[in-house]
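Trainee: Below are the sequence and a predicted model; questions follow.
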Amino acid sequence: MKFWNFSTQTLAALLASVSIINAGGPASGDAIADPNSAVVKLTTDSFQSFIQENPLVLAEFFAPWCGYCKSLGPEFSKAADSLNESHPNIKLAQVDCTEEADLCSEQGIRGYPTLKVLRGEATEDYEGPRDSNGIAEYMIKQTLPAVQDIESVDQLSTVLEEQSKPFVVQVLGSKVDESANSTYYEVASEKRKDLNFISLKDSPVVDEFNKKINVNLNKLKNNKYLLVHPSDYKDVREFSEKSFSKEGLTTFIANEVVPYFGDINRDTYLMYMSSPVPLGYYFYNSEEERAKVEPLFNKLGKENRGKINFVGLDANLFGRHAEILNMNPEIVPLFAIQDIQNNKKYGIDQSANPNGPSDKTITQFIKDFNKGKLSPIVKSEDLPTDEEKQSQSVVKLVGHNHDAVLKNLDKDVFVKYYAPWCGHCKRLAPSWEELASIYGSNETDSKVVIANLDHTANDVDTPVEIEGYPTLLLYPANGKVDAKTGLREAVVFEGPREIDSLIEFIQEKGGAKVDGKSLKQAKESAAAEEEEVVGEDEENTHDEL
């Protein structure tokens, strides 16, 4: 059973609210495209030939009963008709996964609707808008060069007028660095779905652009790389690393593309969620409250560029997101930081700031975060009691003891990460109990631990990202330490969830090399002998009677 990781789960909660508010509910039309539209219905038989015959295709994989598919359906049809007139080489197609289950499985479809941009054998996820105009604009952009080479002042004026979001500029110096130029085009090709990239060379064009910005481009010898926010040409961000590299340019773009204090919405969520930089949230009740703190966060955003990004969230629309951050959505304004890399959350004490934190409190909190002085807010169930420990063969892990158990290096620890509502997890539960009982004798309990953790109720960091339930991770005894978490590196179990397969996995991948098969056979023999003794006792009792 696939589920979204924390970042996507966060974003999904936001988008669900936005979609319902903006669209008047998820189910507002027919998921199946209008048969009179330009949308092509694809089947298993026609899919491959259609993709080969058409160089650029946007395919929607859907289910007719899906509410969000119903919302998308009419917009998808409109986009197809618009593109059919303006760019007939761009095709939009639908695959009904209730009729073409095998095809959808081959394409790795795990949820509806899923949209994919297909260029022959090359496939990438569609990450653009879900309205007709946005879909059409996104697909038209896929036909353009990754970088627009500006060759005249008129072209420059036209291109700049078209920019509505941040864009990247390469200004070629008199000593053109071909290696850097090639790297720029490579980065542009990878980031084209998110940003526009332009390149300037001729003097009249560079001089004209120089009039608009706060960076001096006169008599430029080496290439210069800039990120421009169209709302403020006097606050152009300049790439200043001495040694140019793809990684450096990519990091520069990721850090500078976000405003100092922005908002998360359907157009910006991916930009924030894909950034490795921690995200600071200020929840507010009204636009007046937001406006009051905007100067503070603009200042903090500039000071903490590349360290923390800052966004405002309307608590009336996105209050439930505060719960994901382990904060109380009823006490607003509030401020919290989410470290997306390790899924840790830090929040200003709401009980001590019932009317919202002051500017001074927020500023000091951020300083303490940067210095590593803060403790994360850990969502955790209660630790198991002594009575629970004695009565349960499976060790219960929670947020407060997860790391301590896994840092015990001399044991094989096999953990089931589950969700209470997960059907696969429920079916596995009896086998997991049996597995724990097999390794639960006095001779082996110091070598193998069978444990589980409710992943929906406890915040934990793992060496392997939990992407589905149940996820079974074995932490081998005396294994290597994972640099990110400080825990042991984990091995994912991906075989059939049967006792014999689980036992074989522990012996093969574990560090303790416990012979589980022999333990199982001994347990079965003991059970058979006990049953035989009970049978003899019953027979003797019958004879006496």
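Mentor: Received, thanks.

Trainee: Leu383 touches His402, doesn't it?
Mentor: No. Taking contacts as CB atoms under 8 Å, Leu383 lies outside contact range of His402: 10.7 Å. Glycine gets a C-beta too; all of them are placed from N, C-alpha and C.

Trainee: of those two, who's got more company?
Mentor: Set side by side, Leu383 and His402 show unequal neighbour counts under other CB atoms under 10 Å, the larger going to His402 at 22 against 13.

Trainee: Number of residues surrounding Lys299?
Mentor: Per other CB under 10 Å, the neighbour tally for Lys299 reads 14.

Trainee: Residue numbering should commence at 49 henceforth.
Mentor: Okay, using 49 as the starting number, the last item reads as Lys347.

Trainee: Without its sequence neighbours, what residue ends up closest to it?
Mentor: Tyr308 (7.9 Å; CB to CB, 6 or more residues apart in numbering).

Trainee: got a list of what Asn244 touches?
Mentor: Contacts for Asn244 (CB atoms under 8 Å, 6 or more residues apart in numbering) come out as 196, 211, 213, 215-216.

Trainee: For ChimeraX, what selects the buried ones among those residues?
Mentor: Buried members of the contacts of Asn244 can be picked out in ChimeraX with the line below, counting by 16 or more other CB atoms under 10 Å:
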select :196,215,216
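
Trainee: any chance of the contacts of Asn244 in JSON lines, with secondary structure and pLDDT too?
Mentor: Formatted as JSON lines, the contacts of Asn244 follow (DSSP: H, G, I helix; E, B strand; the rest coil; pLDDT from 0 to 100):
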{"residue": "Gln196", "secondary structure": "strand", "pLDDT": "92"}
{"residue": "Gln211", "secondary structure": "coil", "pLDDT": "88"}
{"residue": "Lys213", "secondary structure": "coil", "pLDDT": "84"}
{"residue": "Phe215", "secondary structure": "strand", "pLDDT": "95"}
{"residue": "Val216", "secondary structure": "strand", "pLDDT": "96"}
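
Trainee: And the closest residue to Asn376 other than its chain neighbours, how close does it get to Gln386?
Mentor: Nearest residue to Asn376, sequence neighbours excluded (CB to CB, 6+ apart): Gln398, at 5.4 Å. Note on Gln398: its distance to Gln386, by CB to CB, to the nearest Å, is 16 Å.

Trainee: higher neighbour count, these two?
Mentor: More neighbours sit around Gln386 than around the other of Gln398 and Gln386, counting by other CB under 10 Å; the figures are 25 against 19.

Trainee: Isn't Glu148 up against Thr92?
Mentor: Yes. Using CB under 8 Å, Glu148 is in contact with Thr92, at 5.4 Å.

Trainee: State the distance from Arg338 to Ile547.
Mentor: Using CB to CB, which is the criterion applied here, Arg338 is 57 Å from Ile547.

Trainee: And Thr411, by the same measure?
Mentor: To Ile547, Thr411 is 57 Å away according to CB to CB.

Trainee: Please apply the same query to Leu457.
Mentor: To Ile547, Leu457 is 27 Å away according to CB to CB.

Trainee: go on, Ile198?
Mentor: Where Ile547 is concerned, Ile198 sits at a distance of 67 Å (CB to CB).

Trainee: now swap in Thr92 and tell me
Mentor: From Thr92 over to Ile547 (counting by CB to CB), the distance is 37 Å.

Trainee: Check Asp507 too.
Mentor: 31 Å.

Trainee: Could you tell me how many residues sit around the nearest residue to Ser485 once chain neighbours are set aside?
Mentor: With CB to CB, 6+ apart as the measure, Ser441 is the residue that lies nearest to Ser485, at 4.9 Å, once sequence neighbours are left out. Neighbouring residues of Ser441 were enumerated by other CB under 10 Å; the total is 15.

Trainee: Do I have it right that Ser441 meets Gly488?
Mentor: Yes. In this structure Ser441 lies within contact range of Gly488 using CB under 8 Å: 4.8 Å.

Trainee: where do the contact lists of these two overlap?
Mentor: Ile498.
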